[in-house]
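Enquirer: what's the 3D shape of this:
(one chain, ligands or ions: 4)
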Amino acid sequence: MTAVSLACVVPVVACLVLAGCGPNRSRSKPSNGSPPPPSSGPPPASNGGGDRDPPPPPPIVDCGRRTSFDTDGDGISDPVERNNGSNNYADLRTGRCDPDPSRPIGRSSGGRLEGGLNLPDRGSGYRHYLGTDAVDTDDWGTLPTLVCLEAVGREVRGIGVSVGVGDLSLRRGGAFPPHISHQNGLDVDLRYVRRDRRQVPLDLRFQPEAYDLAATKAVFEAFFRVCNVDVIFVDIDRIGFTVDGQEQRIVHVGGHSNHFHVRLGGS
Ligand SMILES: [Ca+2]
Ligand SMILES: [Ca+2]
Ligand SMILES: [Ca+2]
Ligand SMILES: [Zn+2]
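Expert: Ligands and ions are numbered 1, 2, ... in the order given. Model prediction:
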């Protein structure tokens, strides 16, 4: 029995809370994302009139709340499932209820990442920039971290912003020089938003005129609205704004004039 199947023996209410099962899971379990085989039960009784058989019903996958970007409703977006499944990073498929495989272990500055997921490099309202790292080496996180980044992107794309997302964690977390933290899939570096919207670096010390304060504030507000933010490290003297009620979570740490650093809560 798989964990998915086992989870479904618990009462239905608890079962629905667990991504990975739903009312239809015990009846069919597509193995490759293709429609389940037709029922092996007796054929429907003919009405004797020579009518054509009705078309087979579409495959039912009902893992939770389905959306345009998470069409099986298991809480993992189609792009994340595609990116990780097609690259064999994690066994994720759209059309099947997948559990969250990721776990942050330990602390940001002394921990690791189990079952981390890789961020799709381009998404709605965000772009991942590599710096000097190779593709898919520097952008691993927990599922809630990726869900957060995708949600922030959707929040800000309407104002024409594509957030620049830099380092998350290494595939299995742990030390990620030159960072001190970024070890357990909960830390993310991001660029301050440029007025010209170009996907290039911005250092507030040297190009203050290129800085879009209002758009950057909108990004921060989106993080506080849709993510479980622990703290955001910034250059407090140069960002030029605060967010009402979140003043304690926006903290100055040296070295953050060319990016800000979001640390998410554990779970
Ligand atoms: Ca999904
Ligand atoms: Ca899925
Ligand atoms: Ca990636
Ligand atoms: Zn950082």
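Enquirer: who touches stretch 194-209?
Expert: 127, 129, 160-162, 164, 191-193, 210-212, 215, 235, 238-239, 257-258 (CB atoms under 8 Å, 6 or more residues apart in numbering). Quick note: C-beta positions are derived from backbone N, CA and C, even for glycine.
Enquirer: ok, and which of these reach ligand 2?
Expert: With the criterion set as CB under 5 Å from the ion, no member of the contacts of stretch 194-209 is near ligand 2.
Enquirer: Restrict those residues to the buried ones and give me that as a PyMOL selection.
Expert: Remark: buried members of the contacts of stretch 194-209, expressed as a PyMOL selection using 16 or more other CB atoms under 10 Å:
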select buried, resi 129+161+162+164+191+192+193+210+211+212+215+235+238+239+257+258
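Enquirer: for this structure, what are the low-confidence residue spans?
Expert: Confidence mapping of the chain against pLDDT under 70 gives the ranges 1-50, 56-60, 267.
Enquirer: Mind telling me what element the residue of the chain found nearest ligand 4 is part of?
Expert: Relative to ligand 4, the nearest point of the chain is H261 (3.6 Å; CB to the ion). Applying DSSP states H and E as the criterion places H261 in strand 260-264.
Enquirer: Give me the contacts around that strand.
Expert: By CB under 8 Å, 6+ apart, the surrounding residues in contact with strand 260-264 are 108, 142, 144-145, 148, 181, 186-190, 192, 223, 227-234, 239, 253.
Enquirer: thinking again about what came up before, so the residue of the chain closest to ligand 4 bridges to which residues?
Expert: For H261, the beta-bridge partners are D189, F233 (DSSP bridges).
Enquirer: And for it, the neighbour number?
Expert: The local packing of H261 (other CB atoms under 10 Å) involves 22 other residues.
Enquirer: Can you tell me how far it is from A175?
Expert: According to CB to CB, to the nearest Å, H261 stands 17 Å off from A175.
Enquirer: One more: P208?
Expert: The gap separating P208 from A175 is 34 Å, by CB to CB.
Enquirer: swap in G266?
Expert: Counting by CB to CB - G266 and A175 are separated by 19 Å.
Enquirer: Got the domain ranges for this protein?
Expert: Following automatic domain parsing, the chain resolves into domains at 1-28+62-99, 103-264.
Enquirer: Which residue, neighbours along the chain excluded, lies closest to D138?
Expert: Nearest non-adjacent residue to D138, counting by CB to CB, 6 or more residues apart in numbering: D167, 4.9 Å away.
Enquirer: can you give me the helices in the stretch 51-200 of the chain?
Expert: For the stretch 51-200 of the chain, the helices defined by DSSP state H, counting those that start in this stretch cover 78-86, 143-156.
Enquirer: The first one and ligand 3, are they touching?
Expert: Right, the one you point to is helix 78-86. No. For helix 78-86, no contact with ligand 3 is found by CB under 5 Å from the ion; the gap never falls below 6.6 Å.
Enquirer: Good, wrapping up.
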